[in-house]
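Enquirer: Sequence and predicted structure, then a few things I'm wondering about:
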Amino acid sequence: MELVFLGYPGSGKGTQATLLSEIHKIPKISTGDILRAAVQAQTQLGVQAKKYMDRGELAPDQIMIGLVVQRINEPDSARGYILDGFPRTINQAHELDRVFLDLKKQLTAVISLEIEKKKVIERLTSRRVCENCGKLFNLTTEPPPASNRCDHCGGKIYQRSDDKPETVLHRMEVYEELTRPLKDYYGAQGKLLQIDGSLSIHKVHADIVKRLNELPGIS
Ligand code: AMP
């Protein structure tokens, strides 16, 4: 199974992709996570990507395409994968189509999480993350412990620099201009599954599973 998640930053793509990847035992490939790991490790990729991420801009297509092509050619991707945060531009989607054509594979579906902009802005600006294991917290719905240490692994909890309010607003604009057109792109291919992303994590997950099970050839 090869899936793509689309949706505003903060729409729940990462959370839902993780749940599906656990069920299907296929990797979740999050380009944002790959870039954040590179930033932390201070690799050449990280140094380059940080400039874009801190401003809420997209990293250049060529970098991202190379990175994803390499990752999906790793052995653990052979049975399928879930892309979280890629493609984000029409150019990236064209390249992904080319990869599928070369591999004689078909994208299974594109899951678009639909949610109001106002709601994701609230979610993102109150989001906190464990710098060690990536566990997500939310100042209103799932506040971090008073110690500011992760209750799962003890790591330090922080606010992503791109979750600061001014950067969040810019990320929304970038999404609308460059990423939203992908909905029409995949809609025209008959691949788009639109899911209400404003419901609880459990409900959204159940809706995704139901819609995927309705696809021909999925068991
Ligand atoms: P995310 O965690 O998916 O919100 O990604 C965080 C940041 O990483 C984005 O705001 C971009 O700067 C960069 N990024 C992640 N995925 C991509 C992509 N497919 N194309 C370009 N930039 C990306």
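Expert: All right, it came through fine. Since the model is a prediction, treat every value here as computed from it, not as a measurement.
Enquirer: rest of the way, CA atoms for contacts and neighbours
Expert: Will do.
Enquirer: Please tell me how far the spatially most central residue of the chain sits from the ligand.
Expert: Taking C-alpha atoms, centre = their mean, the centroid of the chain lies closest to D84, which sits 3.0 Å from it. Counting by C-alpha to the nearest ligand atom, to the nearest Å, the separation of D84 from the ligand is 7 Å.
Enquirer: Apart from its chain neighbours, what residue comes closest to that residue?
Expert: S30 (4.6 Å; C-alpha to C-alpha, 6 or more residues apart in numbering).
Enquirer: what sits up against stretch 161-179?
Expert: Here stretch 161-179 makes contact (C-alpha atoms under 8 Å, 6 or more residues apart in numbering) with 8-9, 53-58, 87-90, 117, 121, 124-125, 127.
Enquirer: Please list only the buried members of these.
Expert: 8-9, 53, 56-58, 87-90, 121, 124-125, 127 (16 or more other C-alpha atoms under 10 Å).
Enquirer: sorry, back to before: where strands are concerned, which of the contacts of stretch 161-179 count?
Expert: Mapping the contacts of stretch 161-179 onto strands (DSSP state E) picks out R127.
Enquirer: The ligand next: which of the contacts of stretch 161-179 are close?
Expert: Checking the contacts of stretch 161-179 against the ligand by C-alpha under 6 Å from any ligand atom, the ones in range are 9, 53, 56-58, 87-88.
Enquirer: I'd like those residues written out as JSON lines, with pLDDT and distance to Q40 added.
Expert: Formatted as JSON lines, these follow (pLDDT from 0 to 100; distance: C-alpha to C-alpha, whole Å):
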{"residue": "P9", "pLDDT": "94", "distance to Q40": "21"}
{"residue": "M53", "pLDDT": "94", "distance to Q40": "13"}
{"residue": "G56", "pLDDT": "92", "distance to Q40": "17"}
{"residue": "E57", "pLDDT": "96", "distance to Q40": "18"}
{"residue": "L58", "pLDDT": "97", "distance to Q40": "18"}
{"residue": "P87", "pLDDT": "98", "distance to Q40": "23"}
{"residue": "R88", "pLDDT": "98", "distance to Q40": "23"}
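Enquirer: what residues does this structure put near the ligand?
Expert: 9, 31-33, 52-53, 56-60, 64, 85-88.
Enquirer: Helix or strand: which one has V110?
Expert: Assigned by DSSP states H and E, V110 falls within strand 109-114.
Enquirer: What helices and strands are in contact with that strand?
Expert: strand 2-6, strand 192-196 (3 or more C-alpha pairs under 8 Å, 6 or more residues apart in numbering; DSSP states H and E).
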